[in-house]
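Asks: Could you work out the structure for the sequence below:
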Amino acid sequence: MTSAEDISKMLNDESQKLENLLDGLDSKTDVSVHEIVETYYQVMNVSSMCTMLKQQAESEPSILEKIRSTEELISKRFDSVIHPKIMEKLSTSVRELTETLQSGNTGEKSKEQTESDAKLFEQLRQNMSTKEFVEQYQNGLSHD
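Replies: Below is the predicted model:
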């Protein structure tokens, strides 16, 4: 993929995939860990692609315009709107799961209660791990 046309098509495809992911997040009230991780990876992939292509596409106005519009999509839609919502959702979820697990920490437990707690612990672990991943993205924004 060396021609300007190929580069432009690749950037268009990846940008469209990102836009579809963002549209999906906009329409949902409950987003899964998998969807969050997939979206952040796509944002980072497209951002890296834009950075790399900027250096190579100085003589291609159409590619530079697509890079600019893609960076604007990430900045205005993802960084300013969706990312803060995801951070808030993860923080709330981690806090609520922690409180639920702490409140049930009394006395003997039935097998069902122990299994239920194990599921909550697993969900807490996934949410904490995802929150850490999202915070790393946030730290990258702070350094730009």
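
Asks: C-alpha from now on. contacts and neighbour counts both.
Replies: Will do.

Asks: From the chain's centroid, how far away is the helix ranked longest in the chain?
Replies: If you go by DSSP state H, the chain has its longest helix at helix 111-143. In terms of Cα atoms, centre = their mean, to the nearest Å, the centre of helix 111-143 is found 14 Å from the chain centre.

Asks: what does stretch 87-94 give?
Replies: So, by Cα atoms, centre = their mean, the centroid of stretch 87-94 is 13 Å from its chain's centroid.

Asks: now stretch 22-40
Replies: 7 Å.

Asks: Can you show me the helices along this structure?
Replies: With DSSP H as the criterion, the chain has helices spanning 4-26, 33-56, 61-72, 83-103, 111-143.

Asks: Residue 118 versus residue 111, what's the distance?
Replies: 11 Å (Cα to Cα, to the nearest Å).

Asks: neighbour count winner among the two?
Replies: Between residue 111 and residue 118, counting by other Cα atoms under 10 Å, residue 118 is the more crowded of the two (13 against 9).

Asks: just to revisit the earlier point, buried ones in the longest helix of the chain, by neighbour count?
Replies: Buried positions in helix 111-143, judged by neighbour count with 16 or more other Cα atoms under 10 Å: 117, 120, 123, 124, 127, 128, 130, 131, 134, 137.

Asks: Right, I'll leave it there.
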